[in-house]
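Test case, fold it:
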Amino acid sequence: MLDLNMTGMDFAPEIMSAAIWTQIITEGTLFLPTVFGNSLILLCLLKFKSLRVNPMHKLIGFLAVSDLFVGLCVVPIDFINIFTYHLHQSKWFCLVATTLPLTSMGISATTVTLISVERFLAIKFPLKHRFYYSGRKLCVIVPAAWAANIACDFIPIFGWNRYETDQPACLPTLIWRKEYQWFIIVFVTILLTLNFSLIMWAAQTAKRHTTNLQLGHGITVHRKKRRSNDLAK
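Okay, the predicted model is just below:
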C-alpha cells in the first residue's frame, strides 16, 4: 500500500488518503464503461462495412482504440502504482507509469484534433473533404500522428529525466525535467487552442450556410407567391 508519509508532499495524511480513494473510486467506476463502450464501437465498425465508409466513423474508431488503451493499460498500471509503493524504487516501472497516461492523453487529444479538422473540412469544403480525408490517407495520417506523439512522450524513458533512486514518490513533476514539463504544457495548450478555433470556425461557417439557405428559401417562396398573385389577376 502507498505510504502517505513517503510521498514527499506537505498535505495532511487525511487529505492525501481522501484524494487517493477518490482516484480509486473514479477510475474503478469508469473502467468497465470505458472498456465495454469502446469495445462495442470497434465491434460495430468491424462488423458493418458501411460504417467504415465515412471518414468520421473511422476517426471515431481510432479514438475508441486510444480510449480502450486507457482502460486496459493505463488504469491497471495506475492501480499498481497506488497500491504498491515498493515499485516506485524501480526506475523503469516509475518511468512507464508516468509516461503511459501522458501517451494516452496525447493520442486522444491528437485524434480529437483530427476529428475537429475533418468536421471543419466537411463544412467548409463539402465537395472536397472526402478527397482530403480518404480512407487510405487516414490510415497514414493517424498512425503517423500517433507515432510522433509516442516519440515525444517517451523522451523521459529514452534518458531525459531526473529520476533518483531515493525518489520520494513516482510523480511526473518529480521525474520529468522542467523543460519537458513546459514542452508538454505548450503542446497541450496548442492542441486545445486549435480544437477550439476549428470548432468556432466550423460553427460560424455552418451558421452562414444555414442563413444563406433560409434566405434563398425565403426568396423562392416570395417569388412563388408573387407569381401566383400575378396569375390570379
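
contacts, neighbours, all on C-alpha from now
Noted.

my read: K124 touches T205, true?
Yes: assessed by CA atoms under 8 Å, K124 is found in contact with T205 at 6.7 Å.

Figure out how far whichever strand or helix holds V140 is from the centre of its chain.
Counting by DSSP states H and E, the element that carries V140 is helix 135-153. Mean-position distance between helix 135-153 and its chain equals 13 Å (CA atoms, centre = their mean, to the nearest Å).

ditto for stretch 100-119
The mean C-alpha position of stretch 100-119 is separated from the chain mean by 4 Å, CA atoms, centre = their mean.

Would you list the phi and psi of P126?
phi -60, psi -30 (degrees, to the nearest 10).

That one: what's it in contact with?
Not one residue lies near P126 by CA atoms under 8 Å, 6 or more residues apart in numbering.

quick one: pLDDT of it?
On pLDDT, P126 comes in at 75.

ditto for I190
In this model, I190 is scored at 91, pLDDT.

That one: which element?
Following DSSP H and E, the helix or strand that holds I190 is helix 178-232.

swap in V117?
Per DSSP H and E: helix 91-124 holds V117.

What angle do helix 135-153 and that helix make with each other?
140 degrees (axes from the mean of the first three to the mean of the last three CA atoms, to 10 degrees).

Would you mark the buried spots in helix 91-124?
91, 94-124 (16 or more other CA atoms under 10 Å).

One more: stretch 37-52?
Across stretch 37-52, burial judged by 16+ other CA under 10 Å covers 38-39, 41-42, 45, 52.

now, which of those sits nearest T165?
N38 (38.2 Å; CA to CA).

Now the closest one: which helix or strand?
Using DSSP H and E, N38 falls in helix 13-47.

How many residues are close by the nearest residue to I24 once chain neighbours are set aside?
Distances taken as CA to CA, 6 or more residues apart in numbering put F79 closest to I24, at 7.4 Å, once the chain neighbours are dropped. As a burial measure, F79 scores 14 neighbours (other CA atoms under 10 Å).

Can you pull out the low-pLDDT segments for this structure?
1-20, 84-89, 213-233 (pLDDT under 70).

Quick check: E179 vs L59, distance?
E179 is 32 Å from L59, where distance means CA to CA, to the nearest Å.

And V112, by the same measure?
Distance, V112 to L59, by CA to CA: 8 Å.

Equivalent analysis for I141, please.
Counting by CA to CA - I141 and L59 are separated by 11 Å.

what do you get for I199?
Applying CA to CA to I199 and L59 gives a distance of 16 Å.

Kindly report the same for V140.
12 Å.

More neighbours: those two, which one.
Neighbour totals were compared for V140 and L59, and L59 leads with 22 against 10 (other CA under 10 Å).

Give the closest residue to T111 in space, chain neighbours not counted.
Nearest residue to T111 in three dimensions, chain neighbours excluded: L63, at 6.0 Å (CA to CA, 6+ apart).

Fine, thanks again, bye for now.
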